[in-house]
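A.B. asks: with the sequence up front, the predicted model follows.
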Amino acid sequence: MPELALAAAIAVAGGIIKGFAGFGGGIFMMPLLTVLFGPIEAVVMVLLLEVPTTFQLLPRALRETNWSMSLPILAGLLLTIPLGAAVLVAADPKIIQRGIGITVVVFTVLMYVGWRYPGPFNKLASFITGLLAGFAAGSAAMGGTITGLYMLSSPAPVTRIRGSNLVFAAVIIVYLLAVLAFHDALMMSALWRSVLLTPIVLVGAWVGTRFFDRSSDRLFRGVAFAVIAASGLVALIK
């Protein structure tokens, strides 16, 4: 099956990127898996492939989360994830695919240039961030990019940011899978492909971690950003 072989190559590359940089694996995989299998199946696969690393780290993340900032974001997420999922299920797959491509390219550029949200960091701003992230999560599994940029711009300690982002990821995974199940969108093909690809992603993450110990951080991050942006361009023009 050529599609599964390509998906395995995408999965190992996504794992390497996440293992080295700590982010970007799902962002890289999403547009390419969309080209292969369509947006709904790609969303389900990316969510399931994020399960092992996210829930392995969740107990510590719950202790480190910045709850004063996180609770308004979580409230926004819960409100708009169903709306984004409804768009994902009902919209033309080609429109969703191109939207994913544009989103990946834009956010990759923002991360590469080091853009930071200029503030303020209050409950209203956090709630609005959650609303935007929930829609992006539901429609394209991209919510973590928005919450990540917002939290990284805040004055919160790195441990609090990391913990909060892992909690957001866990909530998005569980809630969005439940919403997609309600829409009868959890295809069995996506489930078994995810089971087969999970060990490959974990191997990639292990390789990426080894690269981190031996490579220039600046060089690898530059390459990772370029590869992620290229994956978005593929979804945009394919």
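C.D. replies: Here it is on my side, so go on.

A.B. asks: the closest residue to residue 129 other than its chain neighbours sits in which helix or strand?
C.D. replies: Of all residues not flanking residue 129 in the chain, residue 150 sits nearest, at 4.6 Å (Cβ to Cβ, 6 or more residues apart in numbering). Using the backbone N, CA and C atoms, a C-beta is placed for each residue, glycine as well. According to DSSP states H and E, residue 150 maps onto helix 143-153.

A.B. asks: list the buried residues in that helix.
C.D. replies: 143-152 (16 or more other Cβ atoms under 10 Å).

A.B. asks: next one: stretch 41-59
C.D. replies: Here stretch 41-59 shows 41-51, 53-54, 57 as buried, counting by 16+ other Cβ under 10 Å.

A.B. asks: farthest pair in those residues?
C.D. replies: 41 and 57 (26.1 Å; Cβ to Cβ).

A.B. asks: picking that back up, and of the buried residues of stretch 41-59, the nearest to residue 78?
C.D. replies: Among these, and counting by Cβ to Cβ, the member closest to residue 78 is residue 47, at 16.1 Å.

A.B. asks: in terms of helices and strands, where is that closest one?
C.D. replies: Residue 47 belongs to helix 39-49, assigned by DSSP H and E.

A.B. asks: helices and strands around the helix or strand following that helix, which ones?
C.D. replies: Proceeding N to C from helix 39-49, the next assigned helix or strand is helix 51-64, under DSSP H and E. The contact analysis (3 or more Cβ pairs under 8 Å, 6 or more residues apart in numbering; DSSP states H and E) places helix 51-64 against helix 158-182, helix 188-214.

A.B. asks: so what's the closest residue in space to residue 64 that isn't next to it in sequence up against?
C.D. replies: What sits nearest to residue 64 in space, not counting adjacent residues and going by Cβ to Cβ, 6+ apart, is residue 163, at 3.1 Å. Taking Cβ atoms under 8 Å, 6 or more residues apart in numbering as the contact definition, residue 163 lies against 60-66.

A.B. asks: what of residue 8?
C.D. replies: Contacts for residue 8 were tallied using Cβ under 8 Å, 6+ apart; they are 196-197, 200.

A.B. asks: are any of those residues buried, and which?
C.D. replies: 197, 200.

A.B. asks: using a markdown table, lay out the contacts of residue 8 together with distance to residue 169.
C.D. replies: A markdown table is the format used below for these (distance: Cβ to Cβ, whole Å):
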| residue | distance to residue 169 |
| --- | --- |
| 196 | 22 |
| 197 | 18 |
| 200 | 20 |
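
A.B. asks: just the pLDDT at the nearest residue in space to residue 148 that is not next to it in sequence, thanks.
C.D. replies: Leaving aside its chain neighbours, residue 148 sits nearest to residue 165 (5.6 Å; criterion: Cβ to Cβ, 6+ apart). pLDDT recorded at residue 165 is 85.
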